[in-house]
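[1] Could you look at this predicted model? Sequence included:
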Amino acid sequence: MTTFVDSIVFLVSGVSRLAHSGDTIQISSNLTIGAPISFTSDNSNPILTQITVPGAGTNVGQNLTIQAQSGQSQTGSAANNNGGNLILSSGSPGTGGSGSAGNVGSVQLQAAGTTIAKVDQNKFYSTKGYSRNVTPVTSNYEVLLTDDLIAVGTITTSITVMLPSSPNIGDCYSIKDTKGLATTFNILALGNGNDIDGVSSYTLSNNYECLDLIFTGSWSII
């Protein structure tokens, strides 16, 4: 653990630069850190931010990327070559004293300083709407793990939508007849080895019908 209590030394173009506690440290390029960084315990609301460059004309804000470690490229077979997880964690409550126990902090997602979503130890909360991933389909289709809403468009024959064979618990998919053709051309949803409410398949046969599914060990209609 690396704790910067009073000062920190940066090496810039081979020249040492000293920054003291309370100073603003400006870095014009990438910063590579090989050990954990801990802010002093009495530091109030430390902020990692990019400066705003003043000036006339177009000034498009640049991206700030925080990335976990990538798996190392190797030749031959590798036993484990996974990328690292990016973990965002809130703070735990303090202990001791005679007062009531404190609360666990939340992880908050903000846009321009406004919280639009947060996660605490019990729930995910959103203050905004959300946009779903739509996959247009006009013929037989095998659902990918990355799919969400399968939007069946103009079809001229009955089609089959094959659900994933190895879904994860909690995976959800929707299959929707978007053109009102399911009565004439049925849409067959196949469980692909997992039953759909106790049967191997489900047929959408009503115009504009929608089938909402969640995997609970088998496919359940919701």
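    Cool, the structure landed. Numbering: from 1, shown residues only.
[2] per-domain residue ranges of this protein.
    For the chain, the domain assignment from automatic domain parsing gives the residue ranges 2-38, 134-221.
[3] which other residues reach stretch 163-183?
    For stretch 163-183, the external contacting residues (CB atoms under 8 Å, 6 or more residues apart in numbering) are 143-145, 147-155, 161, 187, 189-194, 196, 204-217, 219, 222. The way it works is simple: take the backbone N, C-alpha and C, and place the C-beta from them, glycine included.
[4] buried ones in it?
    Within stretch 163-183, the residues that qualify as buried are Leu163, Pro164, Pro167, Asp171, Tyr173, Ser174, Ile175, Lys176, Asp177, Thr178, Leu181, Ala182, counting by 16 or more other CB atoms under 10 Å.
[5] Equivalent analysis for stretch 139-150, please.
    Within stretch 139-150, the residues scored as buried using 16+ other CB under 10 Å are Tyr141, Val143, Asp147, Asp148, Leu149, Ile150.
[6] Also stretch 105-119?
    Within stretch 105-119, the residues that qualify as buried are Ser106, Ala117, Lys118, counting by 16+ other CB under 10 Å.
[7] roughly how far apart are the last one and Ile66?
    In this structure, Lys118 and Ile66 are 18 Å apart, going by CB to CB, to the nearest Å.
[8] how close does the residue nearest the centre of the chain get to Gln67?
    Of all residues in the chain, the one closest to the mean position by CA atoms, centre = their mean is Leu86, 10.3 Å from it. If you measure Leu86 against Gln67 using CB to CB, the figure is 7 Å.
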